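A.B. asks: 3D model of this:
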Amino acid sequence: MTTHHIGMIVPSSNLTMETELPRMLRSRESVEPEDHFVFHSSRTRMQRVTPEQLRGMNAQTERAALELADARPDVVASACLVAIMAQGPGHHCTAEAEIKAALRGEGSQAPVVSSAGALLSGIEALGARRVAVVTPYMKDLTAMVTGYLEDAGTEVVDALSLEVPDNLAVARLDPDALREHWRRLNLAGADAIVLSACVQMPSLSAIQNVEDASGLPVLSAATATVHRVLTELGLPTVVPEAGRLLSGAYPAPSPAAA
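C.D. replies: Purely as a prediction, here's the structure:
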């Protein structure tokens with residue numbers, strides 16, 4: 001058995017990434033028992049999903065990366081999608097480079113992924129050009145996310161904002177409610193559904209159900225992050241019952257192309 005150490009930079013109020021990522025990768029152990037995963041987190045302060053608090057959280061990223069470097073992780077994931085996307089198109093490249101520089105300064109050679117970049121590469125891996133999106137954000141932040149996706153070449157055919165500004169309240173949303181929320185989307189022309197364009201909004205228990213009901217590939221910020229983490233570790237992208245992206249049939253694009 002090989003043990004893989006996963007470092008995560010998460011918002012201080014995030015309750016979901018440290019739940020859904022371990023759940024997926026432990027589920028993976030049932031079909032790929034030779035790989036074992038352990039998790040190490042560093043937190044950056046953020047309570048409400050506002051532009052001001054997102055900027056303040058981003059300013060803490062270097063400190064969080066330095067803390068993770070001490071644990072010598074095998075890969076580091078920056079797990080706040082909207083904090084990166086709110087800084088403008090393409091910012092995931094800048095954010096990933098800054099974290100990588102901080103790690104390298106401490107002697108860590110771990111590759112770096114971000115949930116923002118992972119969502120883009122997950123959509124690309126599926127071959128989707130048009131997506132429909134569900135977010136927990138207020139409409140102005142949802143517009144930032146859809147604009148970010150469209151700048152990267154993905155058309156957003158429809159977006160649903162659940163309008164929950166408090167980050168803890170987002171984590172407490174019932175993931176099974178997404179089994180009905182997606183039906184409010186106009187899916188005409190959509191190639192895939194992003195069921196949760198947010199690492200805080202739980203969705204894992206609904207992913208396979210919505211995929212089966214809609215007939216479209218369904219992914220989330222969390223499943224896309226796992227897809228990239230496994231790719232960076234050189235492992236098959238297989239997680240049972242987590243949607244088509246994690247079926248093992250869709251390798252991630254190279255980091256340069258993502």
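
A.B. asks: which residues sit in contact with the residue nearest the centre of the chain?
C.D. replies: Centre of the chain computed as the mean C-alpha position; nearest residue by C-alpha atoms, centre = their mean is Ala221, 2.9 Å away. Contact analysis of Ala221 by C-beta atoms under 8 Å, 6 or more residues apart in numbering lists 81, 115, 118-119, 194, 196-199. C-beta coordinates here come from the backbone N, C-alpha and C atoms, glycine included.

A.B. asks: can you check Ala128 too?
C.D. replies: 154, 191-192, 217.

A.B. asks: among the residues you listed, which one sits closest to Thr61?
C.D. replies: Thr154 (25.1 Å; C-beta to C-beta).

A.B. asks: for Gly88, see how far away the closest one is.
C.D. replies: According to C-beta to C-beta, to the nearest Å, Thr154 stands 16 Å off from Gly88.

A.B. asks: next: Ala222.
C.D. replies: Taking C-beta to C-beta, one finds Ala222 at 23 Å from Gly88.

A.B. asks: more neighbours: those two, which one.
C.D. replies: The neighbour comparison of Ala222 against Gly88 (other C-beta atoms under 10 Å) goes to Ala222, with 31 against 12.

A.B. asks: spatially nearest residue to the more buried one (excluding sequence neighbours)?
C.D. replies: Glu20 (4.5 Å; C-beta to C-beta, 6 or more residues apart in numbering).

A.B. asks: separation between the one you found and Asn14?
C.D. replies: Distance from Glu20 to Asn14, counting by C-beta to C-beta: 10 Å.

A.B. asks: number of nearby residues for Thr223?
C.D. replies: The burial count for Thr223: 28, using other C-beta under 10 Å.

A.B. asks: and if you look at the one 5 residues further on?
C.D. replies: Residues lying near Arg228 (other C-beta under 10 Å) number 28.

A.B. asks: one more: Thr3?
C.D. replies: For Thr3, using other C-beta under 10 Å, the count is 9.

A.B. asks: do the same with the one 5 residues further on
C.D. replies: Summarising burial for Met8: neighbours were counted as other C-beta under 10 Å, giving 26.

A.B. asks: what are the ranges of the strands in this protein?
C.D. replies: 2-11, 35-44, 75-78, 112-114, 130-135, 155-161, 192-196, 218-220 (DSSP state E).

A.B. asks: may I see these organised as CSV, with distance to Pro251 added?
C.D. replies: As requested, the strands of the chain are arranged in CSV below (distance: least, C-beta to C-beta, whole Å):
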stretch, distance to Pro251
strand 2-11, 18
strand 35-44, 17
strand 75-78, 16
strand 112-114, 15
strand 130-135, 19
strand 155-161, 23
strand 192-196, 16
strand 218-220, 15
